[in-house]
Every structure is written in C-alpha cells, then in structure tokens.
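[1] model the following, please.
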Amino acid sequence: MSKILYISSEAFPLVKTGGLGDVAGSLPVALLKNSQDVRLVIPAYKAVLDKIGRSKVRAEITYYNLTVKIIESRLPGSHVIIWLVDCPVLFDHPGGPYTDAQGDPWPDNAHRFALFCRAAVDMALNKLGLGWQPDIVHCNDWQTGLVPALLSLEPERPVTVFTIHNLAYQGLFDAQTFHDLQLPTELWHLDGLEFYGQLSFIKGGLAFADKITTVSPTYALEILQPAFGYGLDGLLTHRRTHLSGILNGIDEKHWNPGTDKHLRQPYNRRSLQKKGPNKLALQEELSLPIDTSIPMIGMVSRLVEQKGLELILPSLDTLMGLPLQLVILGTGVKAYEQQLRQVAARHEQQLKLIIGYDEALAHRIEAASDIYLMPSIFEPCGLNQLYSLCYGTLPIVTSVGGLADTVVDASDENIQQGSANGFILTDKTSKALINTVQRALRLYQQPDIWRQLQITAMSGNYSWQASAEHYIALYTEALSEQKVDH
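    This next block holds a predicted model:
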C-alpha cells in the first residue's frame, strides 16, 4: 500500500471545468478501493466550500503574508479524505476557478496557484502537523507544476508523478512573476522553470517529476512531435524514458445507461430496444419531429477549435441536406456560437443548439443519440467518446490521442472481426467529415450490423479499475527506482 497525495485544481463533484475534474473526482476513489491510502488536495473555492459536508480546520499557516487554513472533509459520495487550501483573498472569486465571467484569466492566477503549490509541498513534507506523509505526490496540469520543482530541492522527498491532461494550457507568466513569487533562484534556468524568457508552471512538472504521464498512450507519443508539443516537445523527448500514457476511465456510477437517473428509459446492451424511448423523449423536449427512425447525432462539447469546429461549421449546410437530426450542447468561442445559431435558425426542424452546460441534458443527449460527433483536432484522452461507447451511441472521431486508442473504425474488415465500435475520419477535413457521416448513415439503415456495432461498443471496459491498476504499477516502479538511486 502506498500513501498518495493527489493534487488537483478541480475535482468533481465539487468543481469541474473539464476532464481534469472528472479524473480527480474518480481516480482517487478507485485508488482507495484498491487499498491505497489517498488524500486529495484542491483549492477551497467558494463553490467548493458551499458543497462540502462536515469539515474541520487541520492547520493554519502563512504564505505571501496571507493566512491559509487547511480544511479537512470528504469528497462527496466517497470515503476519500480531502484537504482544502483555504485562502479567501485568492480563491473566493465570483467566476470560474481560472477565469472571470468574460472568460479572461484571473490576473492573480500565478499568485493563487503558487500559494496552492507551496501548501501542497508542505503537506508532502509533513510540515503542517497533519500526521501523514505521502510516498507519492501525484500532480495534475500546470496549476500544480511548481510542486515537483520545489520538491526537487529537498534531500528527502516523496516520489513525484505529473500528469498532463492538456499540454496546450501551460501556465505562462512574465519573468518578473518568478521573482514576485519568491521562487528559489536555482529553478530559473533553461532546464528549469524558464521558457523563452517567461515563467512556465507546467515545466516544473515536465522537468522535475520522477514520472510523467498523459491521459492516453497515443497522446504520449503525439506530444513528442512539434505539431502537438507546443514548444515543449524537445524537453519531453529528452525525458521520454520517464513518460508514459495511461488511458482515463469513466465514473460508472454517474455514466451507466442501466442506472442513469437522468434517462426516460434506462437500458443496457441486452435491452437495446429500450434506447429508443430516450430519443422520442428528447425530440419532444427539444421540439424536433418525433420519429425514432430518424438518426440523431449528438454533440456535447466546448465550442473551441480543438473540438473540430473548423471542420463542423463548413459541413453543416451539407449535413442538413441529409435525413438526420443534430443536437449540440456547449459553450465556447462566441464566433462559433453565433455561426451555429445562424445555421440552427435556418434548420429548426433538424438542428437544435443549446448554449451552456447542463449535466442532466448531457446524459439525455448521450442516451437519445445514435451517433456522437467528436472530430477533435487533438484530444489528450477524451471522455465523451467513452460515455458514448457505454451508451451504445457510436462516435465519429478523428484518429488522435485517446480517440485513436478507444474507437475502432467500422470498416468491412473490422465489422467482420467484431471489433468495430465507431467511425474514424480519413483526414481532418470537412469533406472527410461529411463522407464519414454518410457512411454511418448507410450502416444505420442496416439494423443487424448497427446493433452489433452498439453491442461491441457497450461491451468495452472503460472503468477506472483498469486505469487505477496501471497507476499503482507506475507508483511501484517509481518507488523502486527511488530506492536504487539512494
């Protein structure tokens, strides 16, 4: 059994902006079920404090002349102990965890997450009187990147693991910020936190962690290439022997069509005929023509370039000439939202656009849809294609990152072998997207083949159990290497 300090800037159900929140809310729970001793650390945003149950203050310290409390509670719905870094001056902001209502980064983000990292480092070194010291410190994304860097200066320290959820977000600040944060001068160099004259939080994890992971095996290879490396491919190539990819799982307690309370009619792969009523219910809810035979395509996504909007938008008028319904739920770049609104206004009987995010509606879309649209330009792991597979909703994807690791194209050969579970674009173009949708629609007209594709999709193992076992093996390897080094 290892003692694991799991550090994240968000964790579902307390706070979530994307896949990181899902992972941080699920992996520690899975590790605990595998007999690991886990503590989860996140900032005490106001929204988090509003959601926790019983709690107690375990420590009080000062960083940057600010009083910080460490509050202990439990991650709701689990037995995982959670430590909240409470500093109202920095974390009691009215918008999201990283940005304001306009989507602009909080101007004090460097200060906020540097303080968060310093508190986590002191927990890792058992300096706060919490009576518990980890063997493993598992950090996630740029907001925690300073932790491996600061721990690297300690002669006796836990093993550090750093997981990249999306390399596009790096935590870059000007050089003066490095000095304002009073970071150790020995960390300011080309192989440290300096990145082309700027301070890079994520480099703290990439340069100093004992092990680096990504959230899918393919993404671990992609980020070694300039196209996906965002200027860090050289450093990652240098450290590639410490780099691996472990596919995310999904929380089957929340994403299971057989027990999903958000659905009109729960179903599983042995009762696929019960999937149909969910489509009828959503058609009625969204004022679409009610007909279970019309193929429905769903998309629940951030409306940003990464998610393939540059492929989707030029395709829409052609797609609207096909016998299908398209339901899109999401929010993102205002220009994309506006273009989608214009197309939806022209095709009210086929395209329904819901700007925003609604967790219950996301579940209903997954269950109601026959096909799921996810033509990402890059995708470190992706969770929605996993949800779709579980719900027998066949994904249309590009062959990148976690999509390439989880979706098997419905080619004739793969259908015959019984391995096909979705559709993969031949390249990242609007023409390829249209062709792939047309190919999916042709197979939809062959019910026996379609049902077999659905059963294959729903038969996969997408649980956190498998992922947790991979992480435990990685922790064990890192601990054994640390002993050899000593």
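[2] where's the most centrally placed residue in the chain relative to residue 400, distance?
    Central residue of the chain (C-alpha atoms, centre = their mean): residue 19, 1.7 Å from the mean position. Per C-beta to C-beta, to the nearest Å, residue 19 is found 15 Å from residue 400. To be clear about C-beta, it is placed using only N, CA and C from the backbone, and glycine gets the same treatment.
[3] please save the CA atoms from stretch 302-311 in CSV.
    What follows is stretch 302-311, C-alpha atoms only, in CSV (Å, rounded to 0.1, in the frame of the first residue of the first chain):
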residue,chain,number,x,y,z
ARG,A,302,-16.7,23.1,-25.5
LEU,A,303,-17.2,25.1,-28.7
VAL,A,304,-13.5,25.7,-29.4
GLU,A,305,-11.2,25.0,-32.3
GLN,A,306,-9.7,21.9,-30.6
LYS,A,307,-13.1,20.2,-30.8
GLY,A,308,-13.2,20.3,-34.6
LEU,A,309,-15.5,23.4,-35.1
GLU,A,310,-13.4,24.4,-38.1
LEU,A,311,-14.4,21.0,-39.7
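[4] how distant is it from the center of its chain?
    16 Å (C-alpha atoms, centre = their mean, to the nearest Å).
[5] pLDDT averaged over it - what is it?
    Summarised as a single mean, pLDDT over stretch 302-311 is 95.
[6] what's the following helix or strand after the one helix or strand residue 433 maps to?
    Secondary structure assignment for residue 433, by DSSP states H and E: helix 430-444. Per DSSP H and E, helix 430-444 leads on to helix 447-458 as the next helix or strand towards the C-terminus.
[7] residues in contact with the following helix or strand past that next one?
    As assigned by DSSP H and E, the chain's next helix or strand after helix 447-458 is helix 464-485. For helix 464-485, contacts defined as C-beta atoms under 8 Å, 6 or more residues apart in numbering pick out 2, 4, 26-27, 29-31, 33-34, 36, 135-136, 138, 159, 161, 210-211, 213, 244, 246-252.
[8] please, a PyMOL command that selects the buried ones among these?
    Typed into PyMOL, the line below selects the buried ones among the contacts of helix 464-485, using 16 or more other C-beta atoms under 10 Å:
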select buried, resi 2+4+26+27+29+30+31+36+135+136+138+159+161+210+211+213+246+247+248+249+250+251+252
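[9] so for the residue nearest to residue 264 when sequence neighbours are not counted, what pLDDT did the model give?
    Beyond its immediate neighbours in the sequence, the residue positioned closest to residue 264 (C-beta to C-beta, 6 or more residues apart in numbering) is residue 281, lying 3.9 Å away. Predicted confidence (pLDDT) for residue 281: 98.
[10] ok, now which ones touch the closest residue to residue 428 other than its chain neighbours?
    Of all residues not flanking residue 428 in the chain, residue 398 sits nearest, at 5.7 Å (C-beta to C-beta, 6+ apart). Neighbouring residues of residue 398 by C-beta under 8 Å, 6+ apart: 308, 375, 376, 377, 379, 424, 425, 428.
[11] okay if I get these as CSV plus secondary structure, distance to residue 167 and neighbour count?
    Converted to CSV, the contacts of residue 398 look like this (DSSP: H, G, I helix; E, B strand; the rest coil; distance: C-beta to C-beta, whole Å; neighbours: other C-beta atoms under 10 Å):
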residue, secondary structure, distance to residue 167, neighbour count
308, coil, 18, 27
375, coil, 20, 28
376, coil, 14, 23
377, coil, 13, 18
379, coil, 12, 31
424, strand, 23, 22
425, coil, 22, 23
428, coil, 18, 17
